[in-house]
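Q: return a 3D structure for these sequence lines:
(one chain, ligands or ions: 1)
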Amino acid sequence: MRWLRLLLMMLFLAPGLSLRAQPIAIHRDPRIEEMLRDVSPAEIERHIRTLAGFHTRHSLSTQQDPRRGIGAAARWLEAQMRRYSEASGGRLRVELDTFWVEPDGRRINRRVRLTNILGILPGRDPANKQVILIGAHYDSRASNPMDSISYAPGANDDGSGTAVVLELARIMSRYDYDATIVLVLFAGEEQGLLGSEHLARRAREEGWQIVAMITNDIVGNTEGENGIRDNRRLRVFSEGVPATETAEQAQLRQSIGGENDSPARQLARYIKEVAERYLDQFEIKLIYRRDRFLRGGDHIPFSRQGYAAVRLTEMHEHYDRQHQNVRTENGRSFGDLPEYVDVAYVAQVARVNLAVAANLAWAPAAPQEVEIDVSGLSSDTTLRWKPGSTPPDLAGYYVLLRETTSPVWERKLFVGNTTEVTLQGYSKDNYFFAVQAVDQEGHESLMVWPRLASRRP
Ligand SMILES: [Zn+2]
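A: Below is the predicted model of the structure:
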């Protein structure tokens, strides 16, 4: 499929659309392709088997035993991160984010110390303060959420996501990026999202400008319990109305729309576009819902802090293999064992994360204060914005548009290095718009939906 190496997206302009839009070739960045080739299913399998080998990674299990329990698992994960840090000449910075949790009458029955393990790749562009945070949780559980002793291999939930994050640390630490990448192994997810809750609050207090938070949770099973097999699709869950919406913002939304255009939805669309650009025969399935029905994950504390946060999960889950004691009943086997994990699929999920994180971390910062001109009733639409950052290789901006009923952006017009554009014949009543920055290598920022309306100055 030689022709696929260069994806030519020809953008034809509709008659009557007289802006200075040009067709543009969107191609794959050879550095990103090289990183994608380095993703190793063998390495992923080794990690998942090692994680399952700690017997249990329950948050209330032993922290002293050198071979078993959550303490041994955390020390091994830290050692992996330090190994990658050393191999990168110190570019990857390892940080332990340790905190105490008091008994909460729910899933914590004694005072316990938990540790998130962070691998940080600081951005090199001082004007680009954006942070891309990619995580997974390393704790596990058995049938009873308070059982800290039984065998709980947690190979898929969430050994698979943990292996993805380790692969990103190994491969991505070879390069410098404009934005900062933070790779996180979260503690305490099964006891109530404790590690992510702690880090999300800390990020807000310390003013981290997280533009994208992705949690990889349950990303390795390709056989649904209904027997269906699917190793070519991955779900992205994203919330519609932001969790932090104020009454004032709700009023504006009711007046101009936007219930389907939260920052999380834009991030989900970005993941779909970029991942499918780089991976052949692999589809990102957008699920317009915060998480699976009544369930939760480590992205939720981040969305509650006002960050764009989404969850990646395999297409078909197998419930005999989640949150189950390892056992056989009437010939039916239960338990989250390594042999049920499809490591080639986990490698694809790692590539999805890698392509998205690298493309975004090499992109200019997203445009700011994107707004629609409302100085008069018109069937044309004028958009204005301010640059988020202006790196030397900034190429300009894309304007994206779609029908109000379309789940994804339908047109992507390169409008050059400008901060204002008029789309003739495209009424703001009938279309949605967004703007994203792009550099000369084609790395795009996230798309920004105009939340402001302004009159011509
Ligand atoms: Zn999980």
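Q: I figured residue 78 was touching residue 94, is that so?
A: Yes: when contacts are counted by C-beta atoms under 8 Å, residue 78 is listed as touching residue 94 (6.8 Å). From N, CA and C alone the C-beta is placed, and that goes for glycine too.
Q: any shared contact partners between these two?
A: Shared contacts of residue 78 and residue 94, defined by C-beta atoms under 8 Å, 6 or more residues apart in numbering, are found at residue 117.
Q: ok, now which ones touch the nearest residue to residue 307 once chain neighbours are set aside?
A: Once flanking residues are discounted, residue 307 sits nearest to residue 210: 4.5 Å by C-beta to C-beta, 6 or more residues apart in numbering. With contacts defined as C-beta under 8 Å, 6+ apart, the neighbours of residue 210 are 130, 131, 132, 133, 203, 302, 307, 308.
Q: without its sequence neighbours, what residue ends up closest to the first one?
A: Spatial nearest neighbour of residue 130, excluding adjacent residues (C-beta to C-beta, 6+ apart): residue 179 at 4.1 Å.
Q: list the contacts for the one you found?
A: With contact set as C-beta under 8 Å, 6+ apart, residue 179 has these partners: 123, 125, 128, 129, 130, 131, 132, 211, 360, 361, 363, 365.
Q: what about it, distance to the ion?
A: Separation of residue 179 from the ion (C-beta to the ion, to the nearest Å) stands at 27 Å.
Q: dihedrals phi and psi, that residue?
A: The phi and psi torsions at residue 179 (degrees, to the nearest 10) take the values phi -90, psi 170.
Q: ok, now residue 393?
A: Note on residue 393: backbone dihedrals following degrees, to the nearest 10 are phi -100, psi 20.
Q: I'd like the distance between the residue most central in space within the chain and the ion.
A: For the chain, residue 214 is the residue whose C-alpha lies nearest the centre (C-alpha atoms, centre = their mean; 2.4 Å). Taking C-beta to the ion as the criterion, residue 214 is separated from the ion by 14 Å.
Q: which helix or strand contains that residue?
A: With elements delineated by DSSP states H and E, residue 214 resides in strand 209-216, which encompasses its position.
Q: give the pairing partners of that strand; include direction for each.
A: On the basis of DSSP bridges, the sheet neighbours of strand 209-216 come out as strand 130-137 (parallel), strand 309-314 (parallel).
Q: distance check, residue 179 against residue 445.
A: Using C-beta to C-beta, to the nearest Å, we find residue 179 at a distance of 9 Å from residue 445.
Q: likewise residue 145?
A: To residue 445, residue 145 is 40 Å away according to C-beta to C-beta.
Q: these two: who's more crowded?
A: Set side by side, residue 145 and residue 445 give different neighbour counts by other C-beta atoms under 10 Å, the larger being at residue 445 (26 against 16).
Q: list the contacts for the more buried one?
A: Counting by C-beta under 8 Å, 6+ apart, the residues that residue 445 touches are 360, 363, 364, 365, 366, 367, 388, 436, 437, 438.
Q: now with 7 Å?
A: Listed by C-beta atoms under 7 Å, 6 or more residues apart in numbering, the contact set of residue 445 reads 363, 364, 365, 366, 388, 436, 437.
Q: same for the helix or strand containing the last one, what does it pack against?
A: The one in question is residue 437. Using DSSP H and E, the secondary-structure element containing residue 437 is strand 431-439. Packing contacts for strand 431-439, counted by 3 or more C-beta pairs under 7 Å, 6 or more residues apart in numbering; DSSP states H and E, involve strand 381-386, strand 394-403.
Q: recalculate using a threshold of 10 Å.
A: Strand 431-439 sits against helix 263-278, strand 368-373, strand 381-386, strand 394-403, strand 411-416, strand 420-423, with contacts defined as 3 or more C-beta pairs under 10 Å, 6 or more residues apart in numbering; DSSP states H and E.
Q: between these, which one is closest to the ion.
A: Between the ion and the helices and strands packed on strand 431-439, the tightest spacing by C-beta to the ion is seen for helix 263-278, at 18.9 Å.
Q: after the closest one, which helix or strand is next? Please name it.
A: Following helix 263-278 in sequence order, the next helix or strand is strand 283-287 (DSSP H and E).
Q: run me through the strand neighbours of that next one, direction for each.
A: For strand 283-287, the paired strands and their directions (DSSP bridges) read strand 233-237 (parallel).
Q: kindly export the strand it pairs with (C-alpha atoms) in CSV.
A: Coordinates of the C-alpha atoms in strand 233-237 are reproduced here as CSV (Å, rounded to 0.1, in the frame of the first residue of the first chain):
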residue,chain,number,x,y,z
ARG,A,233,-11.2,-0.8,16.5
LEU,A,234,-10.6,1.2,19.7
ARG,A,235,-13.1,3.2,21.6
VAL,A,236,-12.6,6.8,22.7
PHE,A,237,-15.0,8.0,25.4
